[in-house]
Structure formats: structure tokens, C-alpha cells
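Student: Predicted structure and sequence below. I'll ask about it afterward.
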Amino acid sequence: RFSAGGADSPAARTRTAPAADASVAGLRLGVVSCANWEAGHFAAYRHLAARGDLDAWLHLGDYIYEYGSGDYGTRGTVVRPHSPAHEIVTLADYRTRHARYKTDPDLQALHATAPVIAMWDDHEFANDTWSGGAENHTEGAEGAWAARQAAAKQAYFEWMPVRPAVEGTTYRRLRFGRLADLSLLDLRSFRSQQVSLGDGDVDDPGRTLTGRAQLDWLKAGLSASDTTWRLVGTSVMISPFALGSLPAALLKPLAKLLGLPQEGLALNTDQWDGYTADRRELLAHLRGNAIRNTVFLTGDIHMAWANDVPVNAGTYPLSASAATEFVVTSVTSDNLDDILKVGEGTVDAVASPLIRAANRHVHWVDTDRHGFGVLDLTAERAQMDYYVLSDRTEAGATAAWARSYRTRSGTQKIERADAPV
């Protein structure tokens, strides 16, 4: 617990990691991303806290959102207003927004139950953040980007239990005995500006998602790793994603969700798809050095996915898979059924088969439910159990198991599991 100003916090629990050379039978992590305060309640956090079996929980980014009240993903209905009501820009604003989030009882319960491993995405700053600005930042009218970025980072480190290995970033590596290490990436501080169209610019080797130093650090860590599993926390999806021949009724809202021009494109340029040179270099490194059991853990896209990560998506499955990827859906942030305002499952029944047909490395995608994941590791396999909520707008929402997928040691392939761990 913490004591300050004559007040004591409630007593809570944390847990130290096992020694670097310890034999570890298992590791279990809750996995979450994308929690928009105004769009609903954080029942996902409550259900994770109630389990009581987590070694830690991993937040993959968008822990807070920066928008003004009603400006993002509420579709005209603010379930609960945040503070301050305006878009956050200053240090005082970011501090107040973090403070508002920390008043949520379900978030408090989860923080009190198990330690968090946190990394940021863009909304801890502003939408589509890159090294020199953001889509949701107007230079001058909203001050200098450098000042806003510094304020957001300062408030984040004040409020979040993160110990950065490199000052001012969240990229770092954690180890859990000989079972696993976890490399956490910062894909916002160093990235080149996102291109607006899915054209040849995405293949420009001069553009970067990670920055040179971070990519070298990641590659060196993967090469040097002597654990059974190499986990990589990436805030945006590394698996390629083609929109394929989705009908216009689905293509337009999907493009809106992904921040794409709504005439429909083959790429989501906010993801690794927009920075293909970095992805090619990383996957070639995995293949060229026979680095096995690399599992990417991903948020951001507000949908749940279970993917192989192909070296060449165009010829998959004839070409190799270099790794696997588990993507968790959002805690509350909009997905397709929210945008279209239709019943849950209506969109997914059409969209999911079409997405999978255009992306043969995708084993499963759920486009329109909210929830969380539980990653369970043993020496033999890494399994993600996906859970979904009954209604993001209800504080008492129930949770139900949806699907489970796993990758067996040495395979670099995803397969379905019949039941949660």
C-alpha cells in the first residue's frame, strides 16, 4: 500500500518475477486493450480481477483516451462523462484524465489483485501519434507537439507503475524464469508519419515504425533469448491484413474504424502494414536465425484475432509462418456493430468469413464483441482464451468464454483449442 498526506491506500497484491534461471511450470496473464471511459463500463477488468489466478495482467495500450466528451466512439450516447470534458492537451489535463480513470472500481479491483505490465499506444497522447505529431493534434492551435507529448508522458509515468529501460519510452524486456521473456514495444515515439494511402510509400525503407535503435534492440533480444517462449507486446497488428472484396456496406465502416479512406484500401497503414520494411527485416531475422516460439500479443484494432504471421502473405500457406499472433478486442472502444448500430453478431456473420478468405493466415476474427483475453503458457504450448462481455454499457455485464487458440512449441502455427485452460 501507499501512504501520503496522512492517507493510506488499501492494501493490494503484487508479485515478483521468478529468478532468471528458475524452472517455471506456467505463466498466466490477463490481456486487455482500448478502454474508452465514455463508451461503457470496465466490466472486463472486474471479471479479470475476480479470477484470482493471474500472475500479472498486460495492458497493450489505449489505457486512456484523449478526446473531448462525446467526440470519440460514443455514437451520440455518452455512458458516463469523463473529466476534463474538453480534449486533453496540457499536463494538468492529462493528469486529470488519468485520475478519472483511476476512480473506476473495476479498474481499482484489477490493480489491487495483480501487478500490471503496461505499454502505451496512441491515445495516451493523441490519435495516430508519430514522432513529430499526431492526426488529432493541430500544431499552434493546440500548442507545440513536443510540449503536448512531454506532458502526456510525464502524466503517464506519474500514474502508471512502469519503469522504463530507456528514459521517456515504454520499451523494455521482462523475464519469467526459463519459461518466457516479454519484449514490450513503443511504436509511437519513434515512428515515421503514417501515410494516408496504401500505396508504395508503405514499402519505403526510409520509413520506420520502431526506429532503428528499438528494432536492433528487439532483434538482439530475440537472438539472445534462451527461454522457451519469446513474447512480444506490440500495440498494433503485425500480421498483414487485406480488406479483400468486402461489400461496400461493411467496407466503409471498417475503413472508418481503422482510420482508412473510405473508398477501401488493401492496407491499414497505422499497423505494421504501413511500415513493411521493418516487418520484413524482423520476420527475416526470425527465419534466418531459426528463432522459434515467438508470439506477438496485440491490441488496438478493437477486434479479436488468432493469426499465423506469414513471411509472404501472398503465397501463404505454401510459404512459412515465422511466428504467431494473438490479438485481443477492446474493453469498450467501438467495433463494427457499434459503428453500424446493429445487433451483436450481425456484422461478424458476414465480415469474418470474408476477412478470412482474403487473409488465409487468419484462423479466427471476431469483429464486433468486447472483452479480454487470458494467456496461459507452459513449456508445451501458448494458449489464448478469449472472453466476451454481454453489454459494454452495463456495469454488471457478464462475461462468457468465446474461443481458445494455441500454438504448440516449435510449430509457429495457430490451432484451435476445444476449451479454456
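Tutor: Great, that's in hand.
Student: Could you list which residues are in contact with residue 53?
Tutor: residue 28 (Cβ atoms under 8 Å, 6 or more residues apart in numbering). Where C-beta positions appear, they are placed from N, C-alpha and C, glycine not excepted.
Student: On the three-state scheme, it is what?
Tutor: Of the three states, residue 53 takes coil according to DSSP: H, G, I helix; E, B strand; the rest coil.
Student: how close does it get to residue 374?
Tutor: 9 Å (Cβ to Cβ, to the nearest Å).
Student: which residues are in contact with both of these two?
Tutor: With Cβ under 8 Å, 6+ apart, residue 53 and residue 374 have common neighbours residue 28.
Student: just how off-centre is stretch 230-248 within its chain?
Tutor: 11 Å (Cα atoms, centre = their mean, to the nearest Å).
Student: and what of stretch 382-394?
Tutor: Distance, centroid of stretch 382-394 to centroid of chain: 15 Å (Cα atoms, centre = their mean).
Student: So which bits of it are buried?
Tutor: Residues of stretch 382-394 classed as buried by neighbour count (16 or more other Cβ atoms under 10 Å): 382-389, 392.
Student: Have a look at this protein and report the helix or strand with the lowest mean pLDDT.
Tutor: helix 248-258 (a mean of 66; mean pLDDT, DSSP states H and E).
Student: Start and end of stretch 317-336, how far apart?
Tutor: Counting by Cα to Cα, to the nearest Å, you get 28 Å between the two ends of stretch 317-336.
Student: can you check stretch 318-338 too?
Tutor: End-to-end for stretch 318-338, by Cα to Cα: 37 Å.
Student: And that stretch, what's buried?
Tutor: 320-338.
Student: any idea how far residue 5 is from the residue nearest the centre of the chain?
Tutor: Centroid-nearest residue in the chain, with Cα atoms, centre = their mean: residue 299, separated by 2.0 Å. Residue 299 sits 35 Å away from residue 5, taking Cβ to Cβ as the criterion.
Student: Residue 46 too?
Tutor: 29 Å.
Student: more crowded one of those two?
Tutor: residue 46 (21 against 4; other Cβ atoms under 10 Å).
Student: pLDDT weak spots in the stretch 151-300 of the chain?
Tutor: Under the criterion pLDDT under 70, the flagged ranges of the stretch 151-300 of the chain are 197-200, 244-252, 254-267.
Student: for it, what spans make up the helices?
Tutor: 212-224, 248-258, 276-288 (DSSP state H, counting those that start in this stretch).
Student: Now the phi/psi pair for residue 374, please.
Tutor: The phi/psi pair for residue 374 (degrees, to the nearest 10) reads phi -130, psi 120.
Student: From residue 22, how far out is it?
Tutor: Taking Cβ to Cβ, one finds residue 374 at 22 Å from residue 22.
Student: okay, those two: which has more neighbours?
Tutor: Comparing residue 374 with residue 22 by other Cβ under 10 Å, the one with more neighbours is residue 374, at 24 against 12.
Student: what bridges to the more buried one?
Tutor: residue 30, residue 385 (DSSP bridges).
Student: Could you verify my assumption that it touches residue 32?
Tutor: No - if you go by Cβ atoms under 8 Å, residue 374 and residue 32 don't touch, sitting 10.1 Å apart.
Student: okay, and the common contacts of the two?
Tutor: With Cβ under 8 Å, 6+ apart as the test, residue 374 and residue 32 both reach residue 48.
Student: which stretches of the stretch 1-150 of the chain form strands?
Tutor: Assigned by DSSP state E, counting those that start in this stretch, the stretch 1-150 of the chain shows strands spanning 3-4, 7-8, 27-32, 56-59, 116-118, 129-130, 133-134.
Student: Residue 279 contacts residue 236, correct?
Tutor: No - using Cβ under 8 Å as the test, residue 279 is too far from residue 236 to be in contact (10.9 Å).
Student: so what sits against both of those two?
Tutor: With Cβ under 8 Å, 6+ apart, residue 279 and residue 236 have common neighbours 209, 272.
Student: For those two, indicate the residue with more neighbours.
Tutor: Between residue 279 and residue 236, counted using other Cβ under 10 Å, residue 236 has the larger neighbour count: 25 against 22.
Student: which residues sit in contact with that one?
Tutor: 121, 187, 209, 270-272, 298, 300-301.
Student: and those, which two are the farthest apart?
Tutor: By the measure Cβ to Cβ, 209 and 301 form the most distant pair in these, at 15.2 Å.
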